[in-house]
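Let me see the structure of the following:
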Amino acid sequence: MNHAQPVENLKRTIGVFGLACAVVNITVGTGIFVLPALIAGRLGGAAIICFLVCGLVIFLIALCFAEVGGKVTGSGGTYAYIETAFGPFAGFLANNIFCFGSCVLSDAAVANGLSQTLGHFFPALDSTVFRPLFFLLLFGGLAFINIRGTKNGVRFIVFTTFAKLIPLFLLIIFGMSHVAAENLQWKNSFTFNDIGAATLTLFFAFLGIEGAVTNSGEFKNPSRVVPLGILSGLSFVLLLYISIQLIVQGVLGENLPSFKNAPLTEVSERLFGYIGITLITIGAAVSMLGSLSGEILAIPRLLFAGARDGILPAFLGKVHPKYITPHFAIIVYATLGYLFAVFGAFKQLIILTSASTLLIYLGVVLATIRLRYRKKVVEGKTFTIPGGIIIPVLATAIIVWILSNLSKEEMIGISIALLIVSLVYVLVKWYKNKQIRRLAPVND
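Sure, this is the predicted structure:
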């Protein structure tokens, strides 16, 4: 069955550099500012193994994104890839997992990471009493800003990218001379399951491809831009992460797990004193604020579109009469993020976010295999992963292995969520068919 590409009136202006920058900007966020200590607490100096495993699996997944992204060139990214390969039900699941499982939980985790980071300066912000109020101001303020509309979005993205990369570069450059070789030795005993569980936690820091390809309908030449943009962006991210982990581990050594809330802040203090604390905290805070603001601006559009398509309640499809923004969708999305931020712990949130996104990645990997045996969905030559289906199969195996490290409770929770979303799809489809039959002309 040949799926024709949708006709869209979008300008294809995003090139390789633009996509690579988007990958870096979305991927380098909360995770790398907080996770090094959590991973070291389980594996010690051997934590670098998790970075290499994550790097391997994300590159395998990226190759699958590159192949399927060259074939499915309409807007929607992962949603479009999975729907084209497996149909509307799979697309519906992917869209909801992305919106609620990945984005909402990710925003809640970012908010918790922000409170922990700022808590280094203002301990009250990370206290039981003031955290809910801080989150209310955070989500409420960003929702208010986005309801009123945003200007100079691209400039803000560039600003937040530099704001978080500059202190990270300074930490790497000046931290090299302070690394103690004995701090990098593997002294802890660990098992294969320890690596899997730690990798599931760390994978949160590598999430971002799915967001970067959402504008797939605006890539200049998808068959070239998608593989080169994704792979070059991820190469930069992996080198940056490995360098940061080596510096942090090399400077703090066995004390690294003691600074689980803000390990990079502690290293910066040792390197630059109070100025270092200020620099890395500002960089982390701006990074997290930029990430949250971007999510609260973009993701409610999925709720808005769902309401317009009749899948979600109609009020989510209303537009503010003055600011011309989907204000109800923004309010609902921000409210969900607030509630999960208040009632979820950072570590549990990032594990569930990683698991949800890995399910989406698994869908894209399987879509790569599926589309290999379908008629071309686009004309002309597109990027194809060498080696047949070896890489997609290997990526599938590693993703399944990482997901197998979920606890029993986490697996049950995700399974229940999938069943609920499936039930919603069935009910919506039944209601639409009923409406069609009701409106259909009756033959005499």
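
drop to CA atoms for contacts and neighbour counts, all remaining ones
Will do.

Any stretches of the stretch 251-400 of the chain with poor pLDDT?
Within the stretch 251-400 of the chain, the ranges that satisfy pLDDT under 70 run 294, 298, 305-306, 308-312, 375-381.

quick one: the helices in it?
Remark: helices assigned in the stretch 251-400 of the chain by DSSP state H, counting those that start in this stretch are 263-272, 274-298, 300-308, 327-343, 346-372, 390-403.

Phe59: which of those helices is closest?
Closest to Phe59 of the helices of the stretch 251-400 of the chain is helix 390-403 (Cα to Cα; 9.0 Å).

what's the angle between whichever helix or strand comes after that closest one and helix 346-372?
Next helix or strand after helix 390-403 toward the C-terminus (DSSP states H and E): helix 408-439. On the basis of axes from the mean of the first three to the mean of the last three Cα atoms, to 10 degrees, helix 408-439 is oriented at 50 degrees to helix 346-372.

other SSEs contacting helix 408-439?
Helix 408-439 sits against helix 88-96, with contacts defined as 3 or more Cα pairs under 8 Å, 6 or more residues apart in numbering; DSSP states H and E.

what comes up buried for the helix it packs on?
Neighbour counts over helix 88-96 (16 or more other Cα atoms under 10 Å) mark 90-96 as buried.

quick one: contacts of stretch 363-376?
By Cα atoms under 8 Å, 6 or more residues apart in numbering, the residues outside stretch 363-376 that reach it are 1-2, 61, 64-65, 67-68, 71, 78, 81-82, 85-86, 94, 389, 392, 395-396.

Ok, stretch 405-414 next?
193, 196-197, 200, 352, 355-356.

What mean pLDDT does it get?
In this model, stretch 405-414 has a mean pLDDT of 87.

Pull out the buried positions in it.
The neighbour-count check on stretch 405-414 (16+ other Cα under 10 Å) flags 405-406, 411, 414 as buried.

before we move on, what about stretch 231-245?
By 16+ other Cα under 10 Å, the buried positions in stretch 231-245 come out as 231-234, 237-238, 240-245.

Now which of the contacts of stretch 405-414 would you call buried?
Buried members of these, counted by 16+ other Cα under 10 Å: 196-197, 200, 352, 355-356.

Can you add distance to Val332 and give these back as a markdown table?
Formatted as a markdown table, the buried ones among the contacts of stretch 405-414 follow (distance: Cα to Cα, whole Å):
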| residue | distance to Val332 |
| --- | --- |
| Gly196 | 35 |
| Ala197 | 33 |
| Leu200 | 29 |
| Leu352 | 21 |
| Ala355 | 23 |
| Ser356 | 20 |
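
ok, those vs Arg131, which is closest?
Comparing the buried ones among the contacts of stretch 405-414 against Arg131 with Cα to Cα places Leu352 closest, at 20.9 Å.

Tell me if I'm right that that closest one and Leu105 touch.
Yes: contact criterion Cα atoms under 8 Å: Leu352 and Leu105 qualify, at 7.3 Å.

all helices in the stretch 101-250 of the chain, in order from the N-terminus.
Secondary structure of the stretch 101-250 of the chain (DSSP H, counting those that start in this stretch): helices at 105-118, 131-147, 153-175, 192-202, 209-212, 222-252.

and among those, the most buried is which?
The highest mean neighbour count among those, using mean count of other Cα atoms under 10 Å, belongs to helix 105-118: a mean of 27.

Check the offset of that one from the chain's centre.
Centre-to-centre, helix 105-118 and its host chain are 14 Å apart (Cα atoms, centre = their mean, to the nearest Å).

Check which helices and strands that helix sits against.
With 3+ Cα pairs under 8 Å, 6+ apart as the test, helix 105-118 has helix 30-43, helix 131-147, helix 274-298, helix 327-343, helix 346-372 packed against it.

May I ask you to confirm that Ile230 is in contact with Gly18?
No: using Cα under 8 Å, Ile230 is not in contact with Gly18; the gap is 10.1 Å.
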